[in-house]
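> return atomic coordinates for the entry below.
(3 chains)
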Amino acid sequence: MKNKGIRCESSELSLVSHQVDIDQAFSQNDDDEKSTCLESPELHPWQQSAQPSPLGPQQLSEDCLQALSPRLCDAMENLSNREEGSAHPLPSTPLLPRTPPLPSTPLLPSTPPLPSTPPLPSSPFLRRRRRSKEDLEPICSTPKSEEDPVSQRLQQRRRSQADPLKRVLLTTQMKNQFAALNAPKKDTSQIEGPSIANSYGFKISMQNLQEAKALHEVQHLTLMGMELHARTRRDLEPDPEFDPICALFYCLSSDAPLPDADSSQLTGAIVVDKDHESCDPGHRATAPLLVRSGVSGLQVKYATDEKVLFQELIAVFRRFDPDVLLGYEVQMRSWGYLLQRAAALGVNLCQQLSRVPGDSKENRFDAERDEYGADTMTEINIIGRITLNLWRVMKTEAALNNYTFENVAFHFLHQRFPLYTPRTLSDWFDHNTHLYRWKAVDHYVCRVRGTMQLLQQQDVIGRTSELARVFGIQFLHVLTRGSQYRVESMMLRVAKPLNYIPVTPSVQQRAQQRAPQCIPLVMEPESRFYSNSVVVLDFQSLYPSIVIAYNYCYSTCLGHVDSLGMPDEFRFGCTSLRVPPDLLYQLRNDITVSPNGIVFIKSSVRRGVLPSMLEEILNTRIMVKQSMKTYKQDKALMKLLHARQLGLKLIANVTFGYTAANYSGRMPCVEVGDSIVHKARETLERAIKMVNDTKKWGARVVYGDTDSLFVLLKGATKEQAFKIGNEIAEAVTATNPKPVKLKFEKVYLPCVLQTKKRYVGYMYESLDQKEPVFDAKGIETVRRDGCPAVSKVLERSIKLLFESRDISQVKRFVQHQCMKVLDGRASMQDLTFAKEYRGSSSYRPGACVPALELSRRMMAYDRRLEPRVSERVPYVIVYGMPGLPLIQLVRRPLEVLQDPGLRLNATYYITKQILPPLARMFHLIGVDVFSWYQELPRVRRREMRFQNVFLSDLCNIGAVRMSDGARKATST
DNA sequence: AGCGCATCCTAG
DNA sequence: TAAGCTAGGATGCGCT
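I've put the predicted structure just below:
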């Protein structure tokens, strides 16, 4: 079986066909590590520029080179090297500062597997510039009003070369993009993670949902994305109170051609240039600002000051009349900043950008960041236009480790975008060498286009419109309002024709409602490794099905049996109910009683509102699923339909939540909610009993949660498992009223059931599926509250176990990874945690959590840096006193910390983070993972030193000792 | 050391 | 201001 000696060429370890000698693969990785962990020694096809510049930098005249800053020269040399196919950096010489490639500080998101645009191992350049005062001068943030004659001359001389230069710069941009499919994989991350598919670490596969547009009619919507550049002070973030807007970049897009334009997409800019009036387009030296920088392909307008810029923007609005205003981070980088800046200058821009300029009450924005506004995306309110804060939308699209533009673009667009500090961008924009301004402009244009691309690729507008139509609510409310609003919208449409009026309980009434008495069934699993087939079945939309099947509704509920038969009113939901005894007598044969003793009328007497509504939703969902079968080959359409049916499923499921809502509920009713839960529980229990009692299946239920059954079929082959699984599903379905349906989901072979809500297995969903899919629930591989190293090591170990069943391989692997950590050969990103910041007011006084502590420090540093509510705050654990780990913020993962070098607490990472989850998993097969660690040589360092670490600008915030915060809070 | 509590994120 | 639900595991801190 083992095929020794096959070299792992692409370093893609397919664990499915496990033919790679693990040791060899490891040693090869070790080789790579010595050079650099982040780089590939070879240029991949997509890295090479499509059009090599005809004029290489070496052809530039010497004085021209001198005119450029040393940095640019270096960068260009670097480029030329790369174009010759030697992207590999020179071995590092301690004497010379290393030179960064053009996008000098590309952001590497949580997984750094790509060999593109390599951040050279050490690039002290930026730091040096910042530290030396003389150096600071030429690239300081304050623009020089006049250029010295020499530089003007040089500019003229360079004029002819501007275009080739631009092309050189452009090729870097091209290299930044890559085609995922044909690029060979290069696992550059130090901690070896999963290797089945998804080799780049993308969480999202590429599919353009807009391709499914055939379905849509033209919506005649115009979108306008905007990103602006402000002149910042030193290392501070832009602040509209102080920092003027220098330029504003926008991207317009419509599904029909734009007015006065031949295409449906357009990128433009409005630039402040106080000398613009004196510009002479005929002469290069005095040409408009961006022309001097070699920018073309943009619709550029110039303004002599910010107020004129506002006027120009209003003109753009008049011309294109955008329906949707888009920004990746609206508040500080886009529309929010614009409005706040305008307000600071005494201009009420909000009014003038709206479609109803006269309404000063409704046209508003919150200058102060407030948690409610941030949370609900209602910070900005411009009548007639919708403002979208894209990062918040993306948060609902996928569970990522962080939602920076760079990381989201990496996972969704499969593109790398560099991240620059505001200071770098300010320096570039105001630099005497006009070419630098090109870089800044290019940066913003890429981002504003990238933001638009994200929106379009995910078809956010299309899907949101779809949900708005399905629920019958406004577009913006789909994004800003909760699920009660959706349920009510649908429910009231059904209720009104039937002449029902919804109850509106007061806060007191709601609080007085009796407590719920039923909870769903969660079995304690038989926790062990299962080498036999385990079939997973679950009830399709169980709660909604039960509501339909048993006619459970507010309008059909008669209350508890014990309360009936009396003429008096009794407590019911948030209010009370009276059921006349003689009426009850009349109905005596038309009632059902739920397992918890609540009486409901049969649908033959009165069809409930909830049941009819849910039936409609489920039927629609079935229709959608059927059309998915019809269009199976159209992947994009499939995904769209999938999203639609998911939306329907969601609303079906939260309908139960509506009845059971306790503290925020607008019309809760425990009786109804409890009945649903209890009936579901009884249904599941009946199914479990049936499976266990039917001898011919030879089956035993080993786990179940709410609506699912895990059935062990001892000795059954995969084929038999599918057959029996389907039989069970049919048999159980037959014993339940329509539309309650038990569905065969998957076969696990093998699997591990760890605890309640935590399990993992190799999954087969159909008989003809050859390769299993790694499917994990609840364990660390799917959680985002550990560091990536944890999930990577765990996932790989489990796969090794499943495939080889050879524990010595797992042991070797785990020990190898521990050594890497101990030797400081691990990548920082694998050791970076990220936790959500909930906003300062939502923590208990004295709370002591990293996200909160770090936020406090950030505020002390620069008030603009406080994380947004629900933003994820990244940090690492640095070396501290034993048992008292320090945390350190990692804000911009690409800033380079030179010295003294960051010291991460290796012992903490291994013994507290990586090993415990492994131990829990492997304990189940009788293996003591910690003893593997004990066997490692003791001489190893207990800290990891990172000399060339990509760290934050904010290192000067310093590490935080976690108990400090708590002590402070309790003492005051 | 053991308990209670807060926090985070996931399953359903 | 508006805000579907509960169960569950795991970690880390403070207190006894």
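
> now do the same contact list for the residue in the stretch 601-750 of chain A positioned nearest to DNA strand B.
Using Cβ to the nearest atom of the strand, the closest approach of the stretch 601-750 of chain A to DNA strand B is made by residue A:706 at 3.4 Å. Using the backbone N, CA and C atoms, a C-beta is placed for each residue, glycine as well. Shown in contact with residue A:706 (Cβ atoms under 8 Å, 6 or more residues apart in numbering): A:520-522, A:542, A:680, A:684.

> out of the residues you listed, who's nearest DNA strand C?
For these, the nearest to DNA strand C is residue A:522 (3.9 Å; Cβ to the nearest atom of the strand).

> burial count for the closest residue in space to residue A:758 that isn't next to it in sequence?
Closest residue to residue A:758 apart from its sequence neighbours, by Cβ to Cβ, 6 or more residues apart in numbering: residue A:778 at 3.8 Å. Residue neighbour count, defined by other Cβ atoms under 10 Å, stands at 14 for residue A:778.

> cool, residue A:358 as well?
10.

> wasn't it part of a helix?
No. Counting by DSSP: H, G, I helix; E, B strand; the rest coil, residue A:358 is not part of a helix but coil.

> ok, now which ones touch it?
residue A:351 are the contacts of residue A:358 under Cβ under 8 Å, 6+ apart.

> measure it to DNA strand B for me?
43 Å (Cβ to the nearest atom of the strand, to the nearest Å).

> list the buried residues in stretch A:671-688.
A:671-684, A:687-688 (16 or more other Cβ atoms under 10 Å).

> show me where the stretch 501-650 of chain A has strands.
Using DSSP state E, counting those that start in this stretch, the strands of the stretch 501-650 of chain A run over A:528-530, A:533-539, A:557-560, A:570-572, A:575-577, A:591-593, A:598-601.

> surely residue A:777 meets residue A:759?
Yes. Using Cβ atoms under 8 Å, residue A:777 is in contact with residue A:759, at 5.5 Å.

> higher neighbour count, these two?
residue A:759 (24 against 13).

> ok, and the closest non-adjacent residue to that one?
residue A:753 (4.6 Å).

> can you tell me the SS state at that neighbour?
strand.

> and for it, the neighbour number?
Neighbour tally, residue A:753, other Cβ under 10 Å: 24.

> and it, how far from DNA strand C?
Distance, residue A:753 to DNA strand C, by Cβ to the nearest atom of the strand: 11 Å.

> give me the residue from the stretch 301-450 of chain A nearest DNA strand B.
For the stretch 301-450 of chain A, Cβ to the nearest atom of the strand, closest residue to DNA strand B: residue A:399, 5.1 Å.

> that residue reaches residue A:784, doesn't it?
Yes. In this structure residue A:399 lies within contact range of residue A:784 using Cβ under 8 Å: 6.3 Å.

> so who does the closest residue to residue A:638 other than its chain neighbours touch?
What sits nearest to residue A:638 in space, not counting adjacent residues and going by Cβ to Cβ, 6+ apart, is residue A:628, at 5.8 Å. For residue A:628, the contacting residues are A:638, A:641-642, A:645, by Cβ under 8 Å, 6+ apart.

> now do 7 Å
A:638, A:641-642 (Cβ atoms under 7 Å, 6 or more residues apart in numbering).

> with residue A:263 instead?
residue A:257.

> which SS state does it fall under?
Residue A:263 is classified as coil under three-state DSSP.

> same check on the one 4 residues further on?
When states are read from three-state DSSP, the local structure at residue A:267 comes out as strand.

> I'd say it and residue A:258 touch.
No. Judged on Cβ atoms under 7 Å, residue A:267 makes no contact with residue A:258 at a distance of 11.4 Å.

> setting the sequence-adjacent residues aside, check what's closest to residue A:727.
In this structure, residue A:727 finds its nearest non-sequential neighbour in residue A:697, 6.9 Å apart by Cβ to Cβ, 6+ apart.

> okay, that neighbour: pLDDT?
As predicted, residue A:697 sits at a pLDDT of 97.

> wait, it touches residue A:730, no?
No. Residue A:697 is beyond contact range of residue A:730, at 11.8 Å (criterion: Cβ under 7 Å).

> neighbour count winner among those two?
Taking other Cβ under 10 Å, residue A:697 and residue A:730 do not tie; residue A:697 has more neighbours (21 against 12).

> mind listing the strands for the stretch 201-350 of chain A?
Counting by DSSP E, counting those that start in this stretch, the strands of the stretch 201-350 of chain A are A:222-230, A:245-254, A:265-272, A:299-303, A:324-327.

> how about residue A:786, what does it touch?
Contacts of residue A:786 by Cβ under 7 Å, 6+ apart are A:780, A:913.

> give me phi/psi at it?
phi -100, psi -170 (degrees, to the nearest 10).

> before we move on, back to that, more neighbours, residue A:399 and residue A:784?
residue A:784 (18 against 10).

> quick one: contacts of stretch A:438-446?
Residues from elsewhere that reach stretch A:438-446, judged by Cβ under 7 Å, 6+ apart: A:166, A:169, A:173, A:227, A:229, A:249, A:267, A:290, A:293-295, A:298, A:417, A:420, A:425, A:428-429.

> what about 8 Å?
Taking Cβ under 8 Å, 6+ apart as the rule, stretch A:438-446 contacts A:102, A:166, A:169, A:173, A:227-229, A:247, A:249, A:251, A:267, A:269, A:290, A:293-295, A:298, A:417-418, A:420, A:425, A:428-429.

> same thing with stretch A:745-754?
Applying Cβ under 8 Å, 6+ apart, the contact partners of stretch A:745-754 are A:525-538, A:702-703, A:708, A:710, A:718, A:721-722, A:725, A:759-765, A:772, A:775, A:778-779, A:798, A:802, A:920-921, A:924.

> surely residue A:802 is within a helix?
Yes. Checked against three-state DSSP, residue A:802 lies within a helix.

> wait, doesn't it sit right on residue A:773?
No. Counting by Cβ under 8 Å, residue A:802 does not reach residue A:773; the two are 11.5 Å apart.

> quick check: neighbours shared by those two?
Joint contacts of residue A:802 and residue A:773 (Cβ under 8 Å, 6+ apart) are residue A:762.

> list the buried ones in stretch A:747-761?
A:747-754, A:758-761.

> in TSV: these, plus pLDDT.
TSV is the format used below for the buried residues of stretch A:747-761 (pLDDT from 0 to 100):
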residue	pLDDT
A:747	98
A:748	98
A:749	97
A:750	97
A:751	98
A:752	98
A:753	98
A:754	97
A:758	97
A:759	98
A:760	98
A:761	98
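
> restrict those to those that also contact DNA strand B, please.
Among these, the residues within reach of DNA strand B (Cβ under 7 Å from any atom of the strand) are residue A:758.

> now do the shared contacts for residue A:267 and residue A:258.
Joint contacts of residue A:267 and residue A:258 (Cβ under 8 Å, 6+ apart) are residue A:252.

> picking up where we left off before, and residue A:802 and residue A:773? Which one has more around it.
Set side by side, residue A:802 and residue A:773 show more neighbours around residue A:802, with 20 against 14, by other Cβ under 10 Å.
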